[in-house]
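**Student:** how would this look folded up:
(chains A and B)
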Amino acid sequence: MTTLRQAEESGETPLLEVKHVKKYFPIRKGVLQREVAHVHAVDDVTFAVREGETLGLVGESGCGKSTLGRTIIRLLEPTAGEIIFEGTSIEHLGTRRLRPLRREMQMVFQDPYASLNPRKRVGTIVSDPMRIHDLGNRAEQKRRVGEILETVGLSPEHYNRFPHEFSGGQRQRIGIARALALRPKLIVADEPVSALDVSIQSQMLNLLDDLQNELKLTYIFIAHDLGVVRHVSDRIAVMYLGKIVELSPAEELYTRPIMPYTEALLSAVPIPDPDLAEQRERIVLVGDVPSPINPPSGCRFHPRCRYATDICKEVEPPLVDYGNSHLAACHHPLNVDAETLRKVAVAEEESPAAADDAALPHDTSGPSHPTPEPTAPDTHSR
Amino acid sequence: MAERLLEVKDLKVQFATEDGIVQAVDGVSFNLDRGKVLGIVGESGSGKSVTAMSLMGLTRGVNARFEGEVLYKGTDLLHVSDRNMQDFRGNELGMIFQDPMTSLNPVYRIGEQIVEAIQAHENVGKRAARARTVELLRQVGIPNPETRVDDFPHQFSGGMRQRAMIAMALSCNPSVLIADEPTTALDVTIQAQIVELVDRLKDDFDSAVIFITHDLGVIAEIADEIIVMYAGRVVEQGSKRDLFYDPQHPYTWGLLGSIPRLDRPRVERLHTIEGSPPSLINPPEGCKFRPRCPHAFEKCTQEPALENHVEERAHLDRCWLDVEFKRAHRDATISGGTVEAA
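**Tutor:** Got it, this is the predicted structure:
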């Protein structure tokens, strides 16, 4: 939390900026393999990540959170939009020009069984990134592997073992060690703990936390478990059908959800306390997530939303700042007082376009604090 | 007093493997009455699934050895022949598996698979079986069951597949429904729907449920009685309230403490259970949890019995620690670590 605030005050540029990124996958049919439709996996997503912060990305399966994670570190090329990493646009860079950047961004995968090559020894798995990037000689690489293994809670003697000799939790540590080998700045962790047992899960979350403090890492943490995300994140982005529908400081998302989808998602999380579980009002969402091939019109959540009205079917709500860097895209925001609502309405009228970029840090002075530019006539809004 | 459906007495299951004998389940006992939900909680390898599958006779094999009794309405299922077991599976005991993707056959229509299950157990015509299938799909909440019955599994979403699995498990009106991690592969919103469904169907079909999960949150919602398993053994057993509000075993505390909880302030650092679960081939001597237990002392090298130590007679645990000591020390663990300074 502190790092985030410091960064804000010093006005640093963010480590990563994602602007209007879209990733569509074509669906081909027939002998000619013509494109007949698209899966709108990620559809116009904008946000920024500051150095040293953890951004949590939550949503149901199929909401595009993994695709977004992979697009950010350029395992996929975006269909449209900009990805700016440390000031460089990387959205269309080729393999060769991406290579030096790969050292800065690494990924930790979900399944510790599938993401380690069973035929390679741990030493090789962890030193491969250094070999590929030509860092140091053999001896140095080996020494470094020993160091990293110790950092992640394994022992250097594990160098010559194979992945199958390790438990699930230990394998995930190897996966983290591999990601750390190049001393990256940004780590995208895609469901890093969901395949693990609860007792091992908490060990892993603490490890990720320690590593962040020691190595000044920035995380994008993708998960579907809202408890886990709350624990690790400074800010959280909630995704639904390829869009970010709410972006908020972690704690505030849980105490004051604005988007009804977030509210429903939170109420669905089972609470390990029988009395509380009984008292609690549960919003059980009907149906499943609609198909991203042909997403619903207007607000994509409207077919499942209990507050939906006609406007939700027709007009897509923009992501609006409700103060305190809490953004949401909804026509019927919850937990917002009348004063804020009025301010937001005014700001939107003044600069409807700015709302679109509300998720970017330099725009916080825009819609949230309606300070009209001196040159702009603002008579119509008063 | 509701009818007693299942009585499991000191069930032990061993598998002979190349590396040695695996004691997968070591002395599980419980009773299950009509209308009740028994929750079994534990991590992978704790023996919870083997327990459930052994009740159904699904772990039988040349390398498996069973001890104890599994009495279903008085019949010991462990000694029923494979052929006769078929009369119990489906008709008396139904099972829902964890992964609906892999437990449905991808090349057969949903309806065909449920019709097959009905016809395997009952002498009914195809038309009647199909009509019942449509009705079952309606009961588990599949929209337009008349048309969806002819869909293939890939045309169903994950939640709908699990609903279809539940319909199949219920197709022959079993008295006991065994659900092995039925919600683990699902999203929270869908999980909430399925938990509600199982709870409602239990009443509609007047059956009892054994609900296996590693998620204490789900258990808190659905179970009446809970068994906590560790390394093949029951370490604690009691009513839901006993387990959540007066937990007696340090492993249960650890489980309660290591989940990041939404109903509490965010903690700075999560509580962890150090180390990892022991090997079942060569388990530690004495208490199986001893190597990971922060409160272990000399006596723990001897195995404690599963006994009652507290006022509530039906609350059992396998721990040597003094009850007063436990009540004084457990909160530090259960609270889940240090709370972040505001």
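
**Student:** Pull the number of nearby residues for residue 177.
**Tutor:** If you meant another chain, say so; for now it's chain A. Residue A:177: 23 surrounding residues under other Cβ atoms under 10 Å in any protein chain shown. C-beta: built from backbone N, CA, C; applies to glycine.

**Student:** my bad, the chain I had in mind was chain B
**Tutor:** Neighbour tally, residue B:177, other Cβ under 10 Å: 23.

**Student:** Show me where the chain dips below the pLDDT cut-off.
**Tutor:** Picking chain A for this. For chain A, the stretches with pLDDT under 70 are A:1-12, A:350-358, A:361-382.

**Student:** look at chain B instead
**Tutor:** For chain B (pLDDT under 70), the answer is B:1, B:337-342.

**Student:** What helix or strand is residue B:237 located in?
**Tutor:** Using DSSP states H and E, residue B:237 falls within strand B:233-239.

**Student:** so does that strand get close to chain A?
**Tutor:** No - Strand B:233-239 is not in contact with chain A by Cβ under 8 Å from any Cβ of the partner chain; minimum separation 9.6 Å.

**Student:** quick check: longest helix of chain B.
**Tutor:** helix B:188-204 (DSSP state H).

**Student:** Only the buried residues of stretch B:152-160, if you could.
**Tutor:** Neighbour counts using 16 or more other Cβ atoms under 10 Å in any protein chain shown place B:153, B:156-160 of stretch B:152-160 among the buried residues.

**Student:** Revised request: answer the last question for stretch B:259-278.
**Tutor:** B:259-262, B:266-267, B:270-273, B:276-278.

**Student:** returning to what we had before: for the buried residues of stretch B:152-160, work out which two are farthest apart.
**Tutor:** Maximum pairwise distance among the buried residues of stretch B:152-160 (Cβ to Cβ): 12.7 Å, between B:153 and B:159.

**Student:** Could you list which residues are in contact with the nearest residue to residue A:282 once chain neighbours are set aside?
**Tutor:** Excluding its sequence neighbours, the residue lying closest to residue A:282 (Cβ to Cβ, 6 or more residues apart in numbering or on different chains) is residue A:267, at 5.3 Å. Going by Cβ atoms under 8 Å, 6 or more residues apart in numbering or on different chains, residue A:267 touches A:280-283.

**Student:** Out of the residues you listed, flag the one nearest to chain B.
**Tutor:** residue A:282 (6.6 Å; Cβ to the nearest Cβ).

**Student:** Which stretches in the stretch 251-382 of chain A count as helices?
**Tutor:** Listed in chain order, the helices of the stretch 251-382 of chain A (DSSP state H, counting those that start in this stretch) span A:260-268, A:274-279, A:310-314, A:338-350, A:352-356.

**Student:** quick one, which of those is packed in tightest?
**Tutor:** Mean neighbours per residue, mean count of other Cβ atoms under 10 Å in any protein chain shown, is largest over those for helix A:260-268, with a mean of 23.

**Student:** So what does the residue sitting nearest the centre point of chain A look like in phi/psi?
**Tutor:** A centroid search over chain A (Cα atoms, centre = their mean) returns residue A:57, at 3.4 Å, as the residue closest to the centre. Backbone torsions for residue A:57, taken as degrees, to the nearest 10, come to phi -120, psi 110.

**Student:** Would you confirm that it contacts residue A:235?
**Tutor:** No - assessed by Cβ atoms under 8 Å, residue A:57 is found out of contact with residue A:235, at 10.1 Å.

**Student:** The closest residue to chain B within chain A - nearest residue in space that isn't next to it in sequence?
**Tutor:** Per Cβ to the nearest Cβ, residue A:270 is where chain A lies closest to chain B, at 2.9 Å. Excluding the flanking residues, the one nearest residue A:270 by Cβ to Cβ, 6+ apart is residue B:217, at 2.9 Å.

**Student:** ok, how many other residues are close to that neighbour?
**Tutor:** Residue B:217: 21 neighbours (other Cβ under 10 Å).

**Student:** Just list the residues touching residue 189, thanks.
**Tutor:** Chain wasn't specified; assuming chain A. So residue A:189 contacts A:107-108, A:208, A:219-222 (Cβ under 8 Å, 6+ apart).

**Student:** um, chain B though
**Tutor:** So residue B:189 contacts A:60, A:264-265, A:268, A:284-285 (Cβ under 8 Å, 6+ apart).

**Student:** List just the nearest of those residues to residue A:14.
**Tutor:** residue A:265 (26.3 Å).

**Student:** surely residue B:65 meets residue B:11?
**Tutor:** No - using Cβ under 8 Å, residue B:65 is not in contact with residue B:11; the gap is 11.7 Å.

**Student:** Get me the contact residues on the stretch 101-250 of chain B for chain A.
**Tutor:** B:143, B:157-160, B:187-193, B:195-196, B:214-221, B:240-241, B:244-245.

**Student:** Show me just the buried residues among those residues.
**Tutor:** B:157-160, B:187-193, B:195, B:214-221, B:240, B:244.

**Student:** Now do the SS call for the closest residue to chain A within chain B.
**Tutor:** Using Cβ to the nearest Cβ, the closest approach of chain B to chain A is made by residue B:217 at 2.9 Å. With DSSP: H, G, I helix; E, B strand; the rest coil as the basis, residue B:217 sits in helix.

**Student:** tell me the helices in the stretch 51-200 of chain A, going along the chain?
**Tutor:** With DSSP H, counting those that start in this stretch as the criterion, the stretch 51-200 of chain A has helices at A:65-72, A:95-102, A:122-132, A:138-151, A:168-180, A:198-215.

**Student:** for the first one, packing partners?
**Tutor:** Where contact means 3 or more Cβ pairs under 8 Å, 6 or more residues apart in numbering or on different chains; DSSP states H and E, helix A:65-72 is packed against strand A:16-29, strand A:34-49, strand A:54-58, strand A:105-108, strand A:186-190, strand A:218-222.

**Student:** what distance separates the start and the end of stretch B:249-265?
**Tutor:** End-to-end distance for stretch B:249-265: 24 Å, by Cα to Cα, to the nearest Å.

**Student:** how far away is the residue nearest to residue B:180 when sequence neighbours are not counted from residue B:184?
**Tutor:** In space, and not counting its chain neighbours, residue B:180 is closest to residue B:212: 4.8 Å by Cβ to Cβ, 6+ apart. Taking Cβ to Cβ, to the nearest Å as the measure, residue B:212 falls 10 Å from residue B:184.

**Student:** Which of the two has more residues huddled nearby?
**Tutor:** More crowded of residue B:212 and residue B:184, by other Cβ under 10 Å: residue B:212, with 25 against 15.

**Student:** how about the more buried one, what does it touch?
**Tutor:** Residue B:212 neighbours (Cβ under 8 Å, 6+ apart): B:39-40, B:48-49, B:52, B:178-181.

**Student:** Please apply the same query to residue B:195.
**Tutor:** A:270, B:183, B:218, B:221-222.

**Student:** could you redo the last one with a cut-off of 7 Å?
**Tutor:** For residue B:195, the contact set (Cβ atoms under 7 Å, 6 or more residues apart in numbering or on different chains) comprises B:183, B:218, B:221-222.

**Student:** which helices and strands does the helix or strand harbouring residue B:178 pack with?
**Tutor:** Residue B:178 belongs to strand B:176-180 when assigned by DSSP H and E. When contacts are defined as 3 or more Cβ pairs under 7 Å, 6 or more residues apart in numbering or on different chains; DSSP states H and E, strand B:176-180 sits against helix B:48-55, strand B:93-96, strand B:208-213.

**Student:** Now do the buried residues in the longest one.
**Tutor:** Burial within helix B:48-55, assessed by neighbour count using 16+ other Cβ under 10 Å, is assigned to B:48-55.
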